[in-house]
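1. pasted the sequence and its predicted model underneath.
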Amino acid sequence: MLDSSAILPVLLLLLLAFGALRRLPMLDLFLAGAKHGLRVAVEVLPNLAAMMCAISLMRASGLMDALCTACAPVMQFLGLPAQVAPLAFLRPISGSASLALLEELLNAYGPDSRVGLVASVIMGSSETVFYTVCVYMSGLQHRKTGYAVPCALAGALASMWLAGVLF
């Protein structure tokens, strides 16, 4: 039986063997891919820095608290506890900020509480929509997102609503 820790090395060896059988220049292909990956990372970096600054400004200026207070009736209508409102706003923007918020909620209310369960479902069933779109569209040098953002936000809203209804 193959140990799970051996899967990656075995796949790498299979890839190298396949390349050798087809007489491909594996090192040259690897280096070309690495150069392309670094180029994409450099192109995406300014967008990520701008997004991180915007998140920090939202939290430091009190805008996040004001949004949570203003949207309390909507959260109540969706069946969500008011304590998860900041997580609901931050999850589509930043994975690390929402993970830190989830940790705060779990420490304050416990993982088996309604707040903890709803926050965990929101965290596990939604995506960092704007971060993902920022990275992919920057890498593709594409400005129009089409229906990607509205559909992803609708899916995130549906998962939040279901978390509020089911828990």
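-> On my side now, so go ahead.

2. ok, how many other residues are close to Phe18?
-> Applying other CB atoms under 10 Å, we find 11 residues neighbouring Phe18. C-beta coordinates here come from the backbone N, C-alpha and C atoms, glycine included.

3. tell me which helix or strand it sits in.
-> Using DSSP states H and E, Phe18 maps to helix 7-21.

4. that helix: which residues count as buried?
-> When burial is assessed from 16 or more other CB atoms under 10 Å, helix 7-21 yields no buried residues.

5. which helices and strands does it pack with?
-> helix 26-61 (3 or more CB pairs under 8 Å, 6 or more residues apart in numbering; DSSP states H and E).

6. and after the helix it packs on, which helix or strand comes next?
-> helix 63-70.

7. and the angle from the helix holding Phe18 to helix 26-61?
-> Following axes from the mean of the first three to the mean of the last three CA atoms, to 10 degrees, one obtains 140 degrees for the angle between helix 7-21 and helix 26-61.

8. how far does helix 7-21 sit from its chain's centre?
-> 30 Å (CA atoms, centre = their mean, to the nearest Å).

9. just how off-centre is the lowest-mean-pLDDT helix or strand in the chain within its chain?
-> Least confident helix or strand of the chain, by mean pLDDT, DSSP states H and E, is helix 129-140 with a mean of 76. Distance of helix 129-140 from the chain centroid (CA atoms, centre = their mean) equals 11 Å.

10. alpha carbons of it, as CSV, please.
-> Provided in CSV are the C-alpha atoms of helix 129-140 (Å, rounded to 0.1, in the frame of the first residue of the first chain):
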residue,chain,number,x,y,z
VAL,A,129,-14.2,36.1,-4.1
PHE,A,130,-12.4,39.4,-4.6
TYR,A,131,-9.0,38.0,-3.7
THR,A,132,-9.5,35.1,-6.2
VAL,A,133,-10.8,37.4,-9.0
CYS,A,134,-7.9,39.8,-8.3
VAL,A,135,-5.3,37.1,-8.6
TYR,A,136,-6.8,35.4,-11.6
MET,A,137,-7.7,38.5,-13.6
SER,A,138,-4.3,40.1,-12.9
GLY,A,139,-2.6,36.9,-14.0
LEU,A,140,-4.6,36.9,-17.2
